[in-house]
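In: Using only what follows, build the 3D model:
(2 chains)
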Amino acid sequence: MRGKEIMIDMKDIVALCKRRGFIFAASDIYGGLNGFWDFGPLGVELKNNLRDQWWKSMVITPPLGLDGKPVQIVGLDSAIIQNPKAWIASGHVGGFSDPMVDCRETKKRYRADQIIVLVPKDTEGSWLAFEEGTDELLKRKKMVKFWGSNILNTATLLTKFDISDYDKIIAPDAKKAGTLTEPRQFNLMLDTYPGVVRDDAHKAYLRPETAQGIFLNFKNVVDSSRVRIPFGIAQIGKAFRNEVTPRNFIFRSREFEQMEMEWFCEPDEAKKWHEFWIEERKNWWRSMGLTSDNILMRPHDADELAHYAKEGLGTYDVEYKFPFTDPGFGELEGIAHRCDFDLKAHQEHSGQKLEYFDQPNNKRFIPHVIEPAAGLTRGVLALICEAYTIDETRPSGCYLNFLPALAPKKAAILPLTAKDEHVPIAQKLYMELREEFPVDLDIKQNIGKRYARQDEIGTPYCFTIDNDTLSDSTVTVRDRNTMKQERINLDNVAKYLREKIKPVS
RNA sequence: GCGGACGUAGUUCAAUGGUAGAACACUAGCCUUCCAAGCUAGUUAUGCCGGUUCGAUCCCGGUCGUCCGCUCCA
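Out: The predicted structure follows:
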C-alpha cells in the first residue's frame, strides 16, 4: 500500500507499463528518444477514458455555477501550429527562453538574468557575482574578504556585461574568477518550418500550451456560438516543450497532452470564479480515484508565477504524490488567474478588437480569464501510480486498482477450460458484451494465469463459464480487488456490468 | 546542457579476449472444474558506431539511452 510498509518502486511500475502494453519508450527499437513516449494498446484506452471523463465534465455536463444553473462551456480543437506572431504576443518567444551560464569550477548552472554582479567603484580587482536573493550578510562577508573595507560598488545584471568582462567575475559559488561560460539561450519551444523552403522567414512553433489556440479563437467562438459571459472554451491536445531534463517516466516529457479550459468572466467576478474552479477541479481529480492523502492543493509562491499570472490573483496547483516525488508532490493541474493578459496582448499585436460587448448592460470590456489547465499525460501516470497495489498474496504480486469507469478493459470472459462445452458459451457472451463494453475473451492457459493477467491490467471483473453454467446458466463473477466470487445468471451479466461501471462523479 | 554511475532475453541475474547460460515470464500442445499448478516443445539478449586485436559482449573512443545529483519546469 502507498506510504505504508511496502514502498512502491517506480521501476516496477515502468516495467509493468511496458510488459502489459500501457506505455513504451518512443522509437524503442532505435534506442528510444529522450522525453518522448508511446501509449500502447491499454495505455491509449486508459488515456482516452480519462480524456473523455474530462470532456464530459467540462463540455457535455458542465458543473452547476454560482447561481445553481449549469455553466456554459464549448469545445475547440485548434491547430498545433499557429502564426508565429501568436507566440510573440503571448510572451513565449521572449519569455520562454532563458539565458543560462555554467560555472566551470563548481559545475553549477545559473540563469544569467538572475545573477547580479557587484563591481567595485574603482573597478579594480575581482567582481563578485551573486544569485538574486542572496543574503546581504553573505554578500558583505564576501566583499570584505575580496575588497577589504572598500565595499562601495555598483550592482548590475550579468546579462548587461560583455563576454570579455567575464574573466574578472567570480561566480557565486566559485573561488577563482573567470569560470563562467558565455550565456546560452535555452529555447523551450520546439520549432519547425512549414512550407518546402527552410528559412527563418518561415519559422513557426509547435505550441507549448493549448491555451493560446483558445484565445486566438475567442472572437470566432463569441461570434458564432451564442455564448454569453461567463462562459468557457475547452480544448484537449498535444503540446510540446524542450524541457531541459525530461525525467520521471512520462511525468516531464517533451511531447505531452493537455486538457485546458479558459473561463471568460467579468473582471470583478474573477476572484469568485477562481475559487469556484479550484474547488471543482480538486473534486474532479478525487472523482477519478485519486485519494485525498495523495492530492494536495497548493498556492504558487509569488516568485514562481508565470509571466501571464503576475498581475492576477495567483495560481493554485493540484498536486499528486507520485512515488518519485514522495514525500513531496508533483503538479497535475494549475488553476491560474490570467486576468486579461492574453486577450489584451493578442488585441494589441493583431489589431483586432477582442472586447466583449455586454448587450443588456451596454458595456464593453476585455474579459478576465480563469484557466484550469490539466496534464492528461500526467493524469494517466497518476492514475497508474494510484492504482498500482502490491499484494504479495496473489500470484501476480500486484494489481491495478482502476475505477471501473476508467479501466481499459471492463471485464474478461473466461471459459474455465478450453473444452468444447465452455468455449461456445463464452464466445456468445463476448459477442454480446463487446457491443456495450471493452471486454477481453481469453481461452488459453489455466484459469490462474488468466486471472493474474487481468489483475495486472486492472480489469475489474472476470466472468467464468464452468460446468454449472451448462446446467443452470449461471457464471461466476470474480472481483479484482477482493478475489471473491459470486454466481450470477448468464442473462444478467450485461446488467451487472452496467450497474457496476457507473459513470464517475 | 554539466558531473557521477550504468547498459547481457520481456524481467531478474550469470559468464567470458575464442560456441553467451539459467530462472521466471511468454507462445504452442497435452492435462486441468477456479487463482501464474504439472508435463513436453518453442521464441527471445551483449543499445548503436568505430578503434585496438588473428579474434571484442569484455579493452579504448564516440554516440544513444537509463538512473542519481545540479539546472530548468507556463
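In: any idea how far RNA strand B is from the residue in chain A sticking out farthest from the centre?
Out: What lies farthest from the middle of chain A is A:Ser149; by C-alpha atoms, centre = their mean that is 52.2 Å. According to C-beta to the nearest atom of the strand, to the nearest Å, A:Ser149 stands 32 Å off from RNA strand B. Backbone N, C-alpha and C define where each C-beta goes, glycine included.
In: For RNA strand B, what is the nearest residue in the stretch 251-400 of chain A?
Out: Proximity of the stretch 251-400 of chain A to RNA strand B (C-beta to the nearest atom of the strand) peaks at A:Pro395, 2.8 Å away.
In: picking up where we left off before, make sure I have this right: the residue farthest from the centre of chain A is in a strand.
Out: No: A:Ser149: not assigned to a strand; according to DSSP: H, G, I helix; E, B strand; the rest coil it is coil.
In: The residue of the stretch 301-450 of chain A found nearest RNA strand B: neighbour count?
Out: Here the stretch 301-450 of chain A gets closest to RNA strand B at one residue, A:Gly448, 2.2 Å apart by C-beta to the nearest atom of the strand. Number of residues near A:Gly448 (other C-beta atoms under 10 Å) recorded here: 11.
In: before we move on, back to that, in contact with the residue of the stretch 251-400 of chain A closest to RNA strand B: list those residues for me.
Out: A:Pro395 sits next to A:448-449, A:451-452 when contact means C-beta atoms under 8 Å, 6 or more residues apart in numbering.
In: quick one: which two of those are the most distant?
Out: With C-beta to C-beta as the measure, no two of the contacts of A:Pro395 lie farther apart than A:Lys449 and A:Tyr451, at 7.4 Å.
In: Near RNA strand B, which residues of the stretch 401-505 of chain A? Just list them.
Out: Residues of the stretch 401-505 of chain A lying near RNA strand B by C-beta under 7 Å from any atom of the strand: A:416-419, A:421, A:444-449, A:451-453, A:456, A:464, A:466-468, A:475-476, A:478, A:483-485.
In: Get me the contact residues on the stretch 101-250 of chain A for RNA strand B.
Out: A:102, A:107-111, A:114, A:186, A:188, A:208-209, A:241, A:243-249.
In: picking that back up, which pLDDT value belongs to the residue farthest from the centre of chain A?
Out: Listed pLDDT for A:Ser149 reads 78.
In: who are the neighbours in contact with it?
Out: Counting by C-beta under 8 Å, 6+ apart, A:Ser149 has no contacts.
In: Over to the one 4 residues further on?
Out: Going by C-beta under 8 Å, 6+ apart, A:Asn153 touches A:118-121, A:143, A:147.
In: how far away is it from A:Gly448?
Out: As judged by C-beta to C-beta, to the nearest Å, A:Asn153 and A:Gly448 stand 76 Å apart.
In: cool, and A:Pro408?
Out: Shown here: A:Pro408 relative to A:Gly448, a distance of 21 Å by C-beta to C-beta.
In: And A:Ile23, by the same measure?
Out: A:Ile23 is 26 Å from A:Gly448, where distance means C-beta to C-beta.
In: Which of the residues of the stretch 101-250 of chain A next to RNA strand B fall within strands?
Out: Counting by DSSP state E, those place A:102, A:109-111, A:186 in strands.
In: Counting only strands, which of the residues of the stretch 401-505 of chain A next to RNA strand B make the cut?
Out: Using DSSP E, the subset of those located in strands is A:464, A:475-476, A:478, A:485.
In: And those residues, which of them are buried?
Out: With burial judged by 16 or more other C-beta atoms under 10 Å, the buried subset of these is A:464, A:475-476, A:478.
In: Now do the phi/psi pair for the residue nearest the centre of chain A.
Out: A centroid search over chain A (C-alpha atoms, centre = their mean) returns A:Gly375, at 1.9 Å, as the residue closest to the centre. The phi and psi torsions at A:Gly375 (degrees, to the nearest 10) take the values phi -90, psi 110.
In: Okay, helices next: where are they in chain A?
Out: Along chain A, the segments classed as helices by DSSP state H run A:10-19, A:41-55, A:85-89, A:92-95, A:136-147, A:211-216, A:218-225, A:270-287, A:341-350, A:376-387, A:423-433, A:447-457, A:467-472, A:493-500.
In: Would you mind giving those helices as TSV with distance to A:Tyr316 added?
Out: Below are the helices of chain A laid out as TSV (distance: least, C-beta to C-beta, whole Å):
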stretch	distance to A:Tyr316
helix A:10-19	27
helix A:41-55	18
helix A:85-89	25
helix A:92-95	21
helix A:136-147	32
helix A:211-216	16
helix A:218-225	23
helix A:270-287	5
helix A:341-350	17
helix A:376-387	16
helix A:423-433	42
helix A:447-457	34
helix A:467-472	53
helix A:493-500	34
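In: Of those helices, which shows the lowest average pLDDT?
Out: Lowest mean pLDDT of the helices of chain A: helix A:92-95, a mean of 75.
In: which other residues reach it?
Out: So helix A:92-95 is contacted by A:84, A:87-88, A:189, A:205, A:208, A:212, A:307 (C-beta under 8 Å, 6+ apart).
In: Could you find the closest non-adjacent residue to A:Ser57?
Out: Sequence neighbours aside, A:Trp284 is the residue nearest to A:Ser57 in space, at 5.8 Å (criterion: C-beta to C-beta, 6 or more residues apart in numbering).
In: what do you get for A:Gly40?
Out: Going by C-beta to C-beta, 6+ apart, A:Gly40 has A:Gly21 as its nearest residue, at 3.7 Å.
In: for the one you found, phi and psi?
Out: Per-residue torsions, A:Gly21: phi 90, psi 30 (degrees, to the nearest 10).
In: count of neighbours near it?
Out: Neighbour tally, A:Gly21, other C-beta under 10 Å: 16.
In: Could you pull up the residues touching it?
Out: By C-beta under 8 Å, 6+ apart, the residues touching A:Gly21 are A:40-43.
In: buried subset of these?
Out: Buried members of the contacts of A:Gly21, scored by 16+ other C-beta under 10 Å, are A:40, A:42-43.
In: how about these in JSON lines, adding distance to A:Asp77?
Out: Below are the buried ones among the contacts of A:Gly21 laid out as JSON lines (distance: C-beta to C-beta, whole Å):
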{"residue": "A:Gly40", "distance to A:Asp77": "24"}
{"residue": "A:Leu42", "distance to A:Asp77": "25"}
{"residue": "A:Gly43", "distance to A:Asp77": "22"}
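In: Could you dump those residues into TSV with distance to RNA strand B added?
Out: What follows is the buried ones among the contacts of A:Gly21, written out as TSV (distance: C-beta to the nearest atom of the strand, whole Å):
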residue	distance to RNA strand B
A:Gly40	13
A:Leu42	14
A:Gly43	15
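In: No further questions, thank you.
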